[in-house]
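Undergrad: Sequence first, then the predicted structure:
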Amino acid sequence: MKKILLPLVLAVSIGSAHAGWLDALGFGKATTNSTATAGLAALSQTQMAGGLKEALGNGLQHAVASLGKEGGFLTNVAVKIPMPQKLQTVEKTLRALKQDKLADDFIATMNHAAEQAVPAAAAVFGDAVKQMSIEDAKSVLTGPQDAATQFFRRTTQTNLYTRFLPIVQQATAKTGVTSAYKNMIAKVSGGSGLGGTLGGLASNYLGTDALDVDAYVTNQTLDGLFKMVAEEEKQIRENPVARTTDLMKQVFGAVGK
């Protein structure tokens, strides 16, 4: 759950007034319907919202910081973007031809493009947090370990895709994804020996969708981001040590997570 609030912190601003933050979230006078009201009943709405804010802020800040840097995707096996499925035959052929560098370069350029897109998530998450109702917030606090992740994926994925895609397109152009792709396919499709026998590989194994590398990278970026958000949320729910402030300890202790 840690993860989800960085957007709020970035979009609404860390230094914004506490009351203003609560207003933006819609925490005014609502009553609760949650299944775990006993613990939360002992907390004021200000405490509950504040603890949620801190948790989400810390979590998303860590997710964006860890992914949106050089090597953020490429060196993290949990989110590293692999060769597209329809290009895996190409990859195997390249490695059989001892052309590992071509395959590795293509994978690296895709991952570097993803790293450049992630920071744009802040504003989108911030908008989603502002629209969160009191019922949404209580559902997140008392729901399953990935309740916050589910909420934000449901409410932000379309906007995130729209925001990420042009950044990925610019990044792939700068990092040479298209060039790396062409070099890789050219090596497999042409030449003599094993490569020469695979001249029709591109048409046989590469559907038109497989050529849309930007869409593939964008979707993989989203998957990686939400995977990190889910890990952070799980940590703060299960591990008291991850609750780094007194307010977070108070709020998440109250919901028994």
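TA: Structure received.

Undergrad: rest of the way, CA atoms for contacts and neighbours
TA: Will do.

Undergrad: measure residue 251 to residue 233 for me?
TA: Using CA to CA, to the nearest Å, residue 251 is found at 14 Å from residue 233.

Undergrad: Could you do residue 93 as well?
TA: Distance from residue 93 to residue 233, by CA to CA: 40 Å.

Undergrad: do the same with residue 68
TA: Taken as CA to CA, the span from residue 68 to residue 233 is 19 Å.

Undergrad: This protein: helices as residue ranges?
TA: For the chain, helices defined by DSSP state H occupy the ranges 6-12, 18-25, 37-40, 45-67, 88-96, 100-117, 121-130, 134-142, 147-175, 177-189, 193-196, 201-205, 213-238, 246-254.

Undergrad: can you pull the alpha-carbon coordinates of the fourth one into CSV?
TA: Read that as helix 45-67. What follows is helix 45-67, C-alpha atoms only, in CSV (Å, rounded to 0.1, in the frame of the first residue of the first chain):
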residue,chain,number,x,y,z
GLN,A,45,-11.0,10.4,9.9
THR,A,46,-8.0,12.7,9.9
GLN,A,47,-5.8,10.0,11.4
MET,A,48,-7.1,7.4,9.1
ALA,A,49,-6.6,9.5,6.0
GLY,A,50,-3.2,10.7,7.2
GLY,A,51,-2.0,7.2,7.8
LEU,A,52,-3.2,6.1,4.4
LYS,A,53,-1.6,9.1,2.8
GLU,A,54,1.8,8.4,4.4
ALA,A,55,1.7,4.8,3.4
LEU,A,56,0.7,5.4,-0.2
GLY,A,57,3.2,8.2,-0.5
ASN,A,58,6.2,6.2,0.8
GLY,A,59,5.2,3.2,-1.3
LEU,A,60,4.8,4.9,-4.6
GLN,A,61,7.9,7.0,-4.0
HIS,A,62,9.9,3.9,-3.6
ALA,A,63,8.3,2.2,-6.7
VAL,A,64,9.0,5.2,-9.0
ALA,A,65,12.5,5.8,-7.6
SER,A,66,13.5,2.1,-8.0
LEU,A,67,12.0,1.7,-11.5
